[in-house]
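In: Sequence unavailable; structure follows:
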Ligand SMILES: C[S@@+](CC[C@H](N)C(=O)[O-])C[C@H]1O[C@@H](n2cnc3c(N)ncnc32)[C@H](O)[C@@H]1O
């Protein structure tokens, strides 16, 4: 299965880059992983709702270019569905069984994802009701995908 992690904004901290490298290496045994970063827009501190909408829209258009026809799109959103890790693992496995060969996980930038991206996603995935910074979210998502493959393959993982 091919997994694309499509994100807004770059990773700035070395400790995040190191963790991303590590999970990318670990996941190479299980899937074909690609990480795509699109540029973020600078959000002024005093941006109005309308300005924020325009920023999300611009970032959304950049993301949309990388969402190919036929891919199964899971956007990360606080209001999305929450899964226990075992169910998330089963979900990825079942998507594969039902012929989905390309999963795209989309992570928003500092002010979140454009509504068009959210509406056009196959599903929304939540990691809790708390807000995580997008850089950390990328690490958490990679760890959960790795955990999902370990569970799927009956391999040991930290409980
Ligand atoms: C800093 S957050 C954006 C916060 C923004 N206020 C919102 O509600 O989307 C950056 C991105 O990380 C992801 N994210 C943050 N917390 C999350 C959570 N608890 N569950 C799922 N995704 C989350 C989302 O993709 C979000 O667009």
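Out: Sure, I can see it. Note that the coordinates shown come from a computational prediction; the quantities given were computed from them, not determined experimentally.
In: contacts for stretch 60-75?
Out: Here stretch 60-75 makes contact (C-beta atoms under 8 Å, 6 or more residues apart in numbering) with 4, 6, 8, 36, 38-39, 95, 100, 102-106, 108, 113-114, 116-118, 120-125. C-beta here means a position set from N, CA and C on the backbone, and glycine is covered the same way.
In: again with stretch 105-120
Out: Contacts of stretch 105-120 (C-beta under 8 Å, 6+ apart): 3-9, 40-41, 43, 47, 52, 55-57, 59-61, 63-64, 67, 73-77, 121, 124-125, 133-134, 137-138, 141, 145.
In: related to what we said a few turns ago, the contacts of stretch 60-75, buried ones only, as a PyMOL selection?
Out: Applying 16 or more other C-beta atoms under 10 Å to the contacts of stretch 60-75, the buried members can be selected in PyMOL as follows:
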select buried, resi 4+6+8+38+95+100+102+103+104+105+106+108+113+114+117+118+121+124+125
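In: By residue count, what's the longest strand in the protein?
Out: Longest strand in the chain, counting residues (DSSP state E): strand 72-82.
In: After that one, which helix or strand is next?
Out: helix 85-97 (DSSP states H and E).
In: In the strand or helix carrying residue 56, which of the residues would be classed as buried?
Out: Per DSSP H and E: residue 56 is located in helix 49-64. For helix 49-64, burial by neighbour count (16+ other C-beta under 10 Å) applies to 55-56, 59-60, 62-63.
In: That helix and the ligand, are they touching?
Out: No. Helix 49-64 stays clear of the ligand (C-beta under 6 Å from any ligand atom), getting no nearer than 9.1 Å.
In: how about the residues of the chain that lie near the ligand?
Out: Residues of the chain lying near the ligand (C-beta under 6 Å from any ligand atom): 76-78, 107-108, 110-113, 126-128, 130-134, 137.
In: mind listing what's buried in the longest helix along the chain?
Out: Identified as the longest helix of the chain according to DSSP state H is helix 134-152. Using 16+ other C-beta under 10 Å as the burial criterion, the residues of helix 134-152 that qualify are 134-135, 137-151.
In: Cheers, nothing more for now.
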